[in-house]
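S.K.: Got a sequence here, can you build the structure:
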Amino acid sequence: LIEKVKVAQETTENAKLQLREVEKRVEAVEAECAQLDNQLNDAINDKEAMERQAASCVQKLNTAQRLVSGLADENERWANTVVDLRQLSLRLIGNCMLASAF
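M.R.: I've put the predicted structure just below:
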């Protein structure tokens with residue numbers, strides 16, 4: 001009977017040792033999972049920041065394209081104005097002579 005008790009105690013001690021080892025492994029795996037969760041959250045935050053930055057860049061690019069197309073229209077208008085002013089300057093002397101004759 002005493003031998004059976006000793007064997008049972010040894011078996012219990014061995015089981016407790018194995019349980020501690022398994023608990024240590026579980027603790028290590030849980031710590032690694034927590035670290036991986038933190039890395040995932042950091043990566044998600046970085047991704048969201050990049051998406052916001054990309055959206056901002058797209059918005060700025062659209063604004064710049066509208067500005068450039070508006071300036072292109074202004075360039076055309078100014079070119080037409082320059083042509084008109086050159087034609088007026090050619091007729092200015094004649095117009096002044098006609099006006100002074102009356």
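S.K.: Could you use CA atoms for every contact and neighbour count after this?
M.R.: Noted.
S.K.: Would you mind measuring from the residue of the chain most remote from its centre to residue 8?
M.R.: When distances are taken from the C-alpha mean of the chain, residue 1 lies farthest, 73.9 Å away, according to Cα atoms, centre = their mean. Distance from residue 1 to residue 8, counting by Cα to Cα, to the nearest Å: 10 Å.
S.K.: May I have the phi/psi pair for the residue most central in space within the chain?
M.R.: Against the mean C-alpha coordinate of the chain, by Cα atoms, centre = their mean, the closest residue is residue 50 at 2.1 Å. The phi and psi values for residue 50, taken as degrees, to the nearest 10, are phi -70, psi -40.
S.K.: Which pLDDT value belongs to it?
M.R.: Reading off the per-residue confidence, residue 50 sits at a pLDDT of 98.
S.K.: where does the helix or strand harbouring residue 7 sit relative to the chain's centre, distance-wise?
M.R.: Secondary structure assignment for residue 7, by DSSP states H and E: helix 2-101. Its chain's C-alpha centre and that of helix 2-101 lie 0 Å apart, by Cα atoms, centre = their mean, to the nearest Å.
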